[in-house]
Structure formats: C-alpha cells, structure tokens
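Asker: Starting from these lines, generate the structure:
(2 chains)
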Amino acid sequence: MVKVRFAPSPTGYLHVGSARTALFNWLFARHEGGQFFLRVEDTDLIRSKPEFLEEIIASLKWLGLNWDNTTLEYQSKRLEKYRAKAEELLQRGVAYKDGEAIIFKVTPGQIISFDDVVHGPVQFNTLDIKDQVLIKSDGMPTYNFACVIDDSDFGITHVIRGDDHISNTPKQILLYQTMNLPIPKFVHIPLILGTDRSRLSKRHGATSIQEYKNAGYLPDAMVNFLSLLGWSPGGDREILPIEEIIKEFDLKRIGKTGAMFDLTKLSWMNSQYLQKMPIEQLLPLAKEALNAHGWLNGTLDPAWVAQVVELYKTRIETVEDFCKQTRGLFTDEIPFDPEAVALRLKQPGVAERLTKYAAKLEALPKWDTAGIEAACRALATELGLKAADLIHPTRVAVTGRSVGPSLFHILEVAGRDRTIPRLKSAASTLCAL
RNA sequence: GGCGCUAUCGUCUAGUGGCCCAGGACGCAUCCCUCUCACGGAUGAAACACGGGUUCGAUUCCCGUUAGCGCUACCA
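Answerer: Sure, this is the predicted structure:
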C-alpha cells in the first residue's frame, strides 16, 4: 500500500510551496487509496514554536488536506531511537564522535544513483559529499538522519518533496544502505517560483496560506490552482472539482520545470469559484468578512445581505473585494473616488439634476428597480438629456464609485433612506464647481 | 567555484518523430452586449533558447553551448 507523508518543521507558517508539496502527497495517497501521514520535524530547538505548528495545522485543515495518523508524530519524542541508531553506527566504526556530535563517515569515490519518478536517473559521486552529522552537539538528530529513520519506521513508500532536496537524496541513500533499510521511491517536484524566477519567498509578496485565507480566497480555488502548478491532467481542463483532481492525479504527469506563482491567475480562478458558488455557501463567508470589518450589525436583514451578494458576485475576485466594493452599502462612510467625483459630479448642471432626481424618487409610490428606472428615464427626457447623464452622477453620489452594478439595482438595494440623503448631500456639497 | 536540476507564447501548460506553419487557460488588444464596471460571447497579437548530430522527417531522441534555478549548515 502507498504510504506518503508531509513533514513540516514548525519554524514558520505554512508556505504555499509547502502546501503544494503537502497537496501532491495527499492527492497521490487519495488517488491510490493509500495513507497520508503528518509528521512534525521539530528538531531545531531554537526556531521551533508551538504556535507555528498550530497555524500549519489550521492551514492544512482549511485546504481540506486530512491525514490518516490519529496521533501526530513528533521527532522530538523519538530521540532515543535516533541515538540508539547513531550509537550502533558508532560501534560499527562507520561513524565517529567529535565532541558530543556523532558524524557519519562518507567513503569517497562511490557512485550513488537513484531513479527519480519525475526526473529519471540521477547520479552523484560521494567525492562531493562531506561527512554527515547524525547527532548534533545538543543531542538532536539532523534532518537527513531523522528523516531516513522515520520514513523507514513508518513504511513510507514514496518520498514526495521539493526539488531542493535532490542533493539531500544521495546523503540519505547512503544512510539507508549502511543501515540496511529498504529505499523508498523519490519524487522531486519542481519549485514554486516568484516573479523573478527564484524560489517563491516573502519578498515576492504573500506566501502563507493564512494570508490568502484572510484575503478572501477560497480553499477550493487555492487547491485547484496549486494542483496545476507543476502538474496537469492533460488536455484543456483547468477548473476541476477536487474529486476529479484526485481521480486524474498521476505522478507521471508532474512536470520538471519550476512554476511561477501567478497571482493574477489565482485571482481569476477564485472569481470563477465565487461566481459558481451557491448563495447558501457564499453568504456565510461574506457575513464573516463583513463582521470582521465591524459592518454587520445585527439588525440587517439576511435576505437583504444575500441580495447585495448576488448583485456583486460577478465582479469580485475575493471576499475581501466584496467588502471593499460594498462599503458604501454597509456603512455611511462612502468611499468617494476623487477622479469619479471630478468627472461625474463637479460638472455644470449636475447638482440640479441630482436634486430633481431625488425629488422624483422621493415621490415614488413603490421602491423597486422598475420605478427607479422609469423615474430616471422620464427625468432625462424632461431635461433633454441622455439617461446616462443622470445615471453616472447618481452612481457616484450614492456609492462613491464610477463603476459597479446596474444603477437601478444599486438604488433598489441601497434603499430610499440611503439614496435620497446622499443625492441631496452630493448636490449641495460635492457638485460645487 | 564545485555538484545537481531545468529549458514550448509575458505566465500556467498540452504535445512523447509526421495529426503542429504548435492547442487551451490567465493576462493583453479589438468587437458584441450595455448606464459604467464586471459577467458572458467573438476575434486577434504572442512561444518550440542556440548550435551540431540521428532520421525520409524533429518541439519531440543524442551531444554541446548558453541561460536560469537549487544545493554546497551540528536549518529543515
């Protein structure tokens, strides 16, 4: 049975690159009906922090990457195991002691080769490999040593990890060989790159999964996007549900070249998921975000919020975007865009038009799009204007922006009590030339 | 520097010797829809790094060059 693992070290948040590694492991396990383990590599005493582990776990759960071990494995709890193994190597004379550290002797001139599942045959000469520290002076095992022992103990069949570990592989194989342990399959997946084609890091922008969650990206969109970085199901398909990704996932289809993290495409994909998401699912997310801004007071009618969401869902890329665009509807702080004000409000005759439209709207027997539109068109005809000459200033006066949904829908949703005062206020102040 | 990995439109990629004067998607441009912006629809510009082989025929196989990246810790 296929057994894979994701082994983060709790020295930082979950990076999108690591998340993608976790995802590929998970996808492979689910496709094969195998097992996916989570192991904590907390052997760096100084940098490991419990709060980092909590964040990593929260991120994995948010992405939906569930693991099969019921209790988490911590390397810090297996110290005796590593020490015993190192001691054994010491007894056999293949390792030596330097102070408190135990170091593995590398015999030069041997060829170490392995058949990488994505790269094919790879070779190294031990001439280029230095003696390897097994146990550090502080008594903790090093990565390469603990990793080999653990992968072997837990029966890991496929080591799926980033390309940056290719040069660790011969060091680990040397250890497998001298301890007489079966060697797993190695699957080195291409790195995720920043805009300058160096590996994605903080200086390129947001790299933690939590940041994307907070910005209003959807986990399904994130998983879909990440799965397509370095892997493709072949053909033209791009937006696929997770079941489909699992079904199609195949290590043989993993590419060899680094993939740039394209935020623009992620955003597009997120907007696609947002649009297709049923309102029952989208509404709670919108409410949560609104609430985080302190804009959701308890008296708001849920049906009304749903109406606003429906109106904006085709023009947002993230949930945060939704908040940004609808701020004027949920608060009285209208985010006036200076350019829009200059172009649409500070123009001759606009104040008068807005005042007249306000009067017409005030007299409307019923507040609905049809009535709002009829009033607009009637007034435009009366004044000898195009409807657009009334529509544009009104949109800016009410929402502060020159862009957005159909004006008549906006006004209906904004309601008479917001619309009329805003039109009057704009007419008396903002329109001043 | 040494060692290793990689090389198709700006980006993610399809392509495994002829189906490719290279297909899709994002982005970009134009048009349609239209009160603006989106959505949706249509069209367009845009790539096989270079040089040698192998072959009747190379994006696809081999070699080299160049370039990029990664590793080179008692970090993982």
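Asker: mind listing the strands for chain A?
Answerer: A:3-6, A:35-40, A:73-74, A:95-98, A:101-104, A:111-116, A:120-125, A:132-135, A:158-162, A:185-189, A:192-193, A:259-260 (DSSP state E).
Asker: what sits up against the third one?
Answerer: Around strand A:73-74, the neighbours that count as contacts under CB atoms under 8 Å, 6 or more residues apart in numbering are A:37-40, A:42, A:150, A:154. For glycine as for every other residue, the C-beta is placed from the backbone atoms N, C-alpha and C.
Asker: again, 7 Å this time
Answerer: Residues outside strand A:73-74 that contact it (CB atoms under 7 Å, 6 or more residues apart in numbering): A:39-40, A:42.
Asker: ditto for the first one
Answerer: With CB under 7 Å, 6+ apart as the test, strand A:3-6 has contacts from A:21-22, A:25, A:28-29, A:34-39, A:154-158, A:160.
Asker: go on, stretch A:339-348?
Answerer: With CB under 7 Å, 6+ apart as the criterion, stretch A:339-348 contacts A:392-393, A:396-397, A:401-402, A:426, A:430-431, A:433.
Asker: List the ones among those that fall in helices.
Answerer: In helices, defined here by DSSP state H, the members of those are A:392-393, A:396-397.
Asker: ok now stretch A:80-87, how far from the chain's centre?
Answerer: Here stretch A:80-87 is found 39 Å from its chain centre; the criterion is CA atoms, centre = their mean, to the nearest Å.
Asker: circling back: looking at the contacts of strand A:73-74, which is nearest RNA strand B?
Answerer: residue A:42 (7.6 Å; CB to the nearest atom of the strand).
Asker: The closest one and residue A:59, how far apart?
Answerer: According to CB to CB, to the nearest Å, residue A:42 stands 17 Å off from residue A:59.
Asker: same check, this time on residue A:97
Answerer: Counting by CB to CB, the gap from residue A:97 to residue A:59 is 40 Å.
Asker: With residue A:123 instead?
Answerer: Taking CB to CB, one finds residue A:123 at 37 Å from residue A:59.
Asker: For those two, indicate the residue with more neighbours.
Answerer: Higher neighbour count among residue A:123 and residue A:59: residue A:59, with 25 against 9, using other CB atoms under 10 Å.
Asker: what's the neighbour count on residue A:290?
Answerer: Neighbours around residue A:290, by other CB under 10 Å: 23.
Asker: Got phi/psi on the closest residue to it other than its chain neighbours?
Answerer: When the adjacent residues along the chain are set aside, residue A:290 lies closest to residue A:296, with 4.2 Å between them (CB to CB, 6 or more residues apart in numbering). Here is the backbone geometry of residue A:296 (degrees, to the nearest 10): phi -100, psi 90.
Asker: Number of residues surrounding residue A:296?
Answerer: 16.
Asker: isn't it right up against residue A:289?
Answerer: No: using CB atoms under 7 Å, residue A:296 is not in contact with residue A:289, being 9.0 Å away.
Asker: which residues are common contacts for the two?
Answerer: Between them, residue A:296 and residue A:289 share no contacting residue, judged by CB under 7 Å, 6+ apart.
Asker: What residue spans form the domains of chain A?
Answerer: Residue ranges for the domains of chain A, per automatic domain parsing: A:3-189, A:338-429.
Asker: Can you give me the buried ones in stretch A:10-29?
Answerer: A:10, A:12-29 (16 or more other CB atoms under 10 Å).
Asker: What lies in contact with stretch A:189-197?
Answerer: So stretch A:189-197 is contacted by A:16-17, A:20-21, A:24, A:118, A:160, A:162-164, A:199-201, A:204, A:229-230, A:254-261 (CB under 7 Å, 6+ apart).
Asker: among those, which are in reach of RNA strand B?
Answerer: Restricting those to those touching RNA strand B (CB under 7 Å from any atom of the strand) yields A:163-164, A:199, A:229-230, A:255-260.
Asker: Filter the residues you listed down to the buried ones, ChimeraX style.
Answerer: Buried subset of these, written as a ChimeraX selection, criterion 16+ other CB under 10 Å:
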select /A:163,199,229,230,258,259,260
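Asker: Distance-wise, check the residue in the stretch 301-433 of chain A that RNA strand B sits nearest to relative to residue A:416.
Answerer: Using CB to the nearest atom of the strand, residue A:406 is the residue of the stretch 301-433 of chain A that sits closest to RNA strand B, at 2.8 Å. Going from residue A:406 to residue A:416 by CB to CB gives 18 Å.
Asker: With residue A:317 instead?
Answerer: 31 Å.
Asker: Between the two, which has more neighbouring residues?
Answerer: Neighbour count, other CB under 10 Å: between residue A:317 and residue A:416, residue A:317 has more, with 20 against 14.
Asker: Quickly note the distance from that one to residue A:224.
Answerer: 15 Å.
Asker: how near is the residue lying farthest from the centre of chain A to residue A:391?
Answerer: Distance from the C-alpha centroid of chain A peaks at residue A:382, with 52.7 Å (CA atoms, centre = their mean). From residue A:382 across to residue A:391, the span is 15 Å (CB to CB).
Asker: dump the residue contacts of residue A:403.
Answerer: Contacts for residue A:403 (CB under 7 Å, 6+ apart) come out as none.
Asker: quick one: it and residue A:395, what's the gap?
Answerer: 8 Å.
Asker: same deal with residue A:253?
Answerer: From residue A:253 to residue A:395 the distance is 48 Å (CB to CB).
Asker: same deal with residue A:370?
Answerer: Where residue A:395 is concerned, residue A:370 sits at a distance of 18 Å (CB to CB).
Asker: okay, these two: which has more neighbours?
Answerer: Set side by side, residue A:370 and residue A:395 show more neighbours around residue A:395, with 21 against 10, by other CB under 10 Å.
Asker: For the residue nearest to that one when sequence neighbours are not counted, give me its contacts.
Answerer: Computed as CB to CB, 6+ apart, the closest residue to residue A:395 that is not its neighbour in sequence is residue A:407, at 5.1 Å. Residue A:407 is in contact with A:391, A:394-395, counting by CB under 7 Å, 6+ apart.
Asker: again, but for residue A:105
Answerer: With contact set as CB under 7 Å, 6+ apart, residue A:105 has these partners: A:94-96, A:131.
Asker: Please identify which of these is nearest to residue A:211.
Answerer: Each of these was scored against residue A:211 by CB to CB, and residue A:131 proved nearest at 40.4 Å.
Asker: Let me know the pLDDT of that closest one.
Answerer: On the pLDDT scale, residue A:131 is placed at 98.
Asker: Tell me the backbone dihedrals of it, please.
Answerer: The phi and psi values for residue A:131, taken as degrees, to the nearest 10, are phi -60, psi 140.
Asker: Good, we can wrap up now.
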